[in-house]
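In: Quick one, structure for this:
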Amino acid sequence: MSNSWKFKQPENLVCRLYTGDLYTYRQEMHRLSVVLIPNIFWKRKLNMKSKLKILILAVLFSVSACKQLEAAPIAATEESAALTENAIVQPLVKTSIGDFVIVSARFVDEVHGEKPASGEKILLVILSQPGVERLDPGTFSLEAFDKMAHDTSKGEIYIHGDDGSKTISTMGGWVDDDFAMGFRLPAEVKTYTLFWQDNPPIDIVPE
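Out: Modelled structure (predicted):
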């Protein structure tokens, strides 16, 4: 038997228990129960009450450690599921020049010197592509996007409001580092549904 398993050096045992996997842990706990504890009983003259206390402590330690080891993969699974859910939140839009995702939407008081007229508000819908945080102005063709957006052969791109209004995009381009489409909406509109040709309606929720 290795010296590290002698009762006088329990700290080494604890380290081995916590650095192994669950299967190894259970093997070690079995060794603890059949080797270490009997040695305590035989090498020291303990009464029945003391023996019972030692056995209870060993069982409690075993259960506690098992719960900690089994909780780790559960936490990792929950984190992975949360990341997957966040990735699905961005709606996908299919177009003739490739797929886009709607990253976010927000209202602005002004964009490139344009302000909303009385009774209007400007909504920016931020677009990117799947797996890309932001579109690259150096490689993304604004001209190709503009041509696609104004091709009405399959219908217009517009936002339908809860008041029955239908607003097409009158602006599109780079706003700071983001690529956005702009919509001048009636100020009283409170819900926003984006209609894009060859795609199902998409609910837009501004930040």
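
In: contact partners of the helix or strand where residue 125 lies?
Out: Per DSSP states H and E, residue 125 falls inside strand 120-128. For strand 120-128, the external contacting residues (Cβ atoms under 8 Å, 6 or more residues apart in numbering) are 93, 100-111, 114-116, 134-135, 159, 171, 175, 178-187, 189, 192, 194, 204, 206. C-betas here are computed from N, CA, C, even on glycine.

In: swap in stretch 93-107?
Out: By Cβ under 8 Å, 6+ apart, the residues outside stretch 93-107 that reach it are 90-92, 121-130, 141, 144-145, 148, 151, 178, 192, 194, 196, 198-199, 202, 204-207.

In: For this protein, which segments count as helices?
Out: In the chain, the helices defined using DSSP state H lie at 10-19, 22-31, 37-43, 48-89, 142-149.

In: which stretch in the ones you listed has the least confidence?
Out: Lowest mean pLDDT within the helices of the chain: helix 10-19, at a mean of 40.

In: Separate out the buried members of the contacts of stretch 93-107.
Out: The neighbour-count test (16 or more other Cβ atoms under 10 Å) marks 91, 121-129, 145, 178, 192, 194, 196, 199, 202, 204 as buried among these.

In: Kindly state the beta-bridge partners for residue 179.
Out: Residue 179 forms beta bridges with residue 127, residue 174, as assigned by DSSP bridges.

In: What's the per-residue pLDDT of it here?
Out: 98.

In: cool, and the one 3 residues further on?
Out: According to the model's per-residue confidence, residue 182 sits at a pLDDT of 97.

In: got a list of what it touches?
Out: Residue 182 touches 111, 114, 122-125, 169-172, counting by Cβ under 8 Å, 6+ apart.

In: Closest to residue 163 out of these?
Out: Distances from residue 163 to these, taken as Cβ to Cβ, are shortest for residue 123 (14.2 Å).

In: roughly how far apart are the closest one and residue 153?
Out: 25 Å (Cβ to Cβ, to the nearest Å).

In: just residue 179 next, same as before
Out: Separation of residue 179 from residue 153 (Cβ to Cβ): 23 Å.

In: Those two: which has the busier surroundings?
Out: Neighbours were counted for residue 179 and for residue 153 using other Cβ atoms under 10 Å; residue 179 has more, 23 against 5.

In: hang on, the more buried one packs against residue 140?
Out: Yes: the pair residue 179 / residue 140 is scored as a contact, 6.9 Å apart, by Cβ atoms under 8 Å.
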